[in-house]
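> Got a sequence here, can you model it:
(2 chains)
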There are 2 protein chains.
Amino acid sequence: MIQYPTKKKTSDQKGISTRNRGMSLEDDLNLTNEYYRIHELANVHKKPTPVQVVSVSYPSRNQAKIVEAYYKTPSTTDYNGVTQGVYFDFEAKEVTDQQRFSLQRIHQHQIDHLRDIVKHMGCAFLIIRFVKHDVTFFVPFDKFDQEMKSTQRRSIPLSWFQSECAIIQHGFTPPLHYLPHVHQWIKEKYEK
Amino acid sequence: MIQYPTKKKTSDQKGISTRNRGMSLEDDLNLTNEYYRIHELANVHKKPTPVQVVSVSYPSRNQAKIVEAYYKTPSTTDYNGVTQGVYFDFEAKEVTDQQRFSLQRIHQHQIDHLRDIVKHMGCAFLIIRFVKHDVTFFVPFDKFDQEMKSTQRRSIPLSWFQSECAIIQHGFTPPLHYLPHVHQWIKEKYEK
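Predicted structure coming up:
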């Protein structure tokens, strides 16, 4: 059953799970996206890190071995995909600070890219996990962008996420079921 | 300029432009996608080729040099993007054969991926250029898939593309204006 997100909260504790976490946010997302593919809920992929290849050698006829290459700065976010025909695109960040998300963590090219997605009516968001609290937020990018523009601070406090954003449930299969939030967004946007 | 003898063409010429071509399909698409981004018509990117990095050295403090890596088979197509909120996804192929597109040119994982996009109501297509004729087709994937399934042949003839698919106009800016075909697809699909 798909559990649609709600913003109702009763205590500060809500959504803070007590499970033992051993996996990174990226692991959780990879497993979740795999689950979505298998169960035909969405098609979403992590984009490969772009690499500038300088030199390749051919130790055998069918094998190309890259012997000199450099990481390039990606021009986009890490993940994009499709569900219900709608394009969605997000960046995922783990935060070790207990109280705030530093805005230095999100790069200008990622901001530009996500703004562009909003412009094209795609669903752009961030998935932000406060590791110490073991809580993960679904952060619609337009909301986040508004907050960024209106604040003088160089960070956004945990309390803002708690009051403005939905919590993504941690689970077993899938580990991080963020898709209901995307569907909710689509519903609100397109009144589907 | 030496004019090599050519076969006279009369009515077969449909859609065959006479411009001097110097650019590959990939170059055309990169410029076109850049044009779309700048003019805010769509956000579309070529996915980087995935590379399995085995070993990295650090010749200086801020530089990571990849010294052993291998190309991985991509699990998706080359391009995806968003326009009007809708996800679109395509693979581009240049064909040197004058009369047919060999089905070996499109890999099973690409077929699986595009089928999946169709399932999720995204706009999945191929852009196929017959280089010798200098003509480029917009090939909706569901149509192509149907033809693949129904044919016993290992290729699809040029004539099928000519009768079933729209021609993408070659131009200057952008060099390959495929987006109107995506918009048309969206219009038909969603009656927007």
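> what about A:Gly81, neighbour count?
Using other Cβ atoms under 10 Å in any protein chain shown, the number of residues around A:Gly81 comes to 26. Every C-beta, even on glycine, is put in place using the N, C-alpha and C of the backbone.
> Give me the spatial nearest neighbour of it, chain neighbours excluded.
Leaving out its chain neighbours, the residue that sits closest to A:Gly81 by Cβ to Cβ, 6 or more residues apart in numbering or on different chains is A:Val44, at 2.7 Å.
> OK, contacts around that neighbour?
With contacts taken as Cβ atoms under 8 Å, 6 or more residues apart in numbering or on different chains, A:Val44 has the following neighbours: A:Asn33, A:Tyr36, A:Arg37, A:Tyr79, A:Asn80, A:Gly81, A:Val82, A:Thr83, A:Phe88.
> Kindly report the same for A:Phe125.
Applying Cβ under 8 Å, 6+ apart, we find A:Phe125 in contact with A:Phe88, A:Asp89, A:Phe90, A:Phe138, A:Val139, A:Pro140, A:Phe141, A:His181, A:Val182, A:Trp185.
> mind putting these in TSV, distance to chain B and pLDDT included?
Putting the contacts of A:Phe125 into TSV (distance: Cβ to the nearest Cβ, whole Å; pLDDT from 0 to 100) gives the following:
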residue	distance to chain B	pLDDT
A:Phe88	8	98
A:Asp89	7	97
A:Phe90	13	98
A:Phe138	19	98
A:Val139	19	98
A:Pro140	14	97
A:Phe141	13	98
A:His181	17	98
A:Val182	12	98
A:Trp185	11	96
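> who wins for most neighbours among those residues?
Top of these by neighbour count (other Cβ under 10 Å): A:Asp89, with 28 neighbours.
> Just the closest of the contacts of A:Phe125 to A:Ser75, please.
Nearest to A:Ser75, judged by Cβ to Cβ, of these is A:Asp89 at 12.5 Å.
> A:Ile127 versus that closest one, what's the distance?
Separation of A:Asp89 from A:Ile127 (Cβ to Cβ, to the nearest Å): 11 Å.
> and the longest helix for chain A?
Counting residues, the longest helix found in chain A (DSSP state H) is helix A:25-38.
> Does that one reach chain B?
Yes - using Cβ under 8 Å from any Cβ of the partner chain, we find that helix A:25-38 touches chain B at A:Arg37.
> How about the secondary structure of the residue nearest to A:Gly81?
strand (DSSP: H, G, I helix; E, B strand; the rest coil).
> How about A:Phe125?
Following three-state DSSP, we place A:Phe125 in the strand state.
> go on, the one 4 residues further on?
Of the three states, A:Arg129 takes strand according to three-state DSSP.
> Kindly report the same for A:Ser163.
The three-state assignment at A:Ser163 reads helix, by three-state DSSP.
> and what of A:Glu147?
Per three-state DSSP, the secondary structure class of A:Glu147 is helix.
> ok, it touching A:Ile156?
Yes - in terms of Cβ atoms under 8 Å, A:Glu147 counts as a neighbour of A:Ile156; the distance is 5.9 Å.
> Settle it for me: which of the two has more neighbours?
For A:Glu147 versus A:Ile156, neighbours defined as other Cβ under 10 Å are more numerous around A:Ile156 (20 against 16).
> Tell me what that one is bridged to.
On the basis of DSSP bridges, A:Ile156 is bridged to A:Phe101.
> how close does it get to A:Ile127?
Look at A:Ile156 and A:Ile127: by Cβ to Cβ, they are 14 Å apart.
> Repeat that for A:Ile38.
Counting by Cβ to Cβ - A:Ile38 and A:Ile127 are separated by 20 Å.
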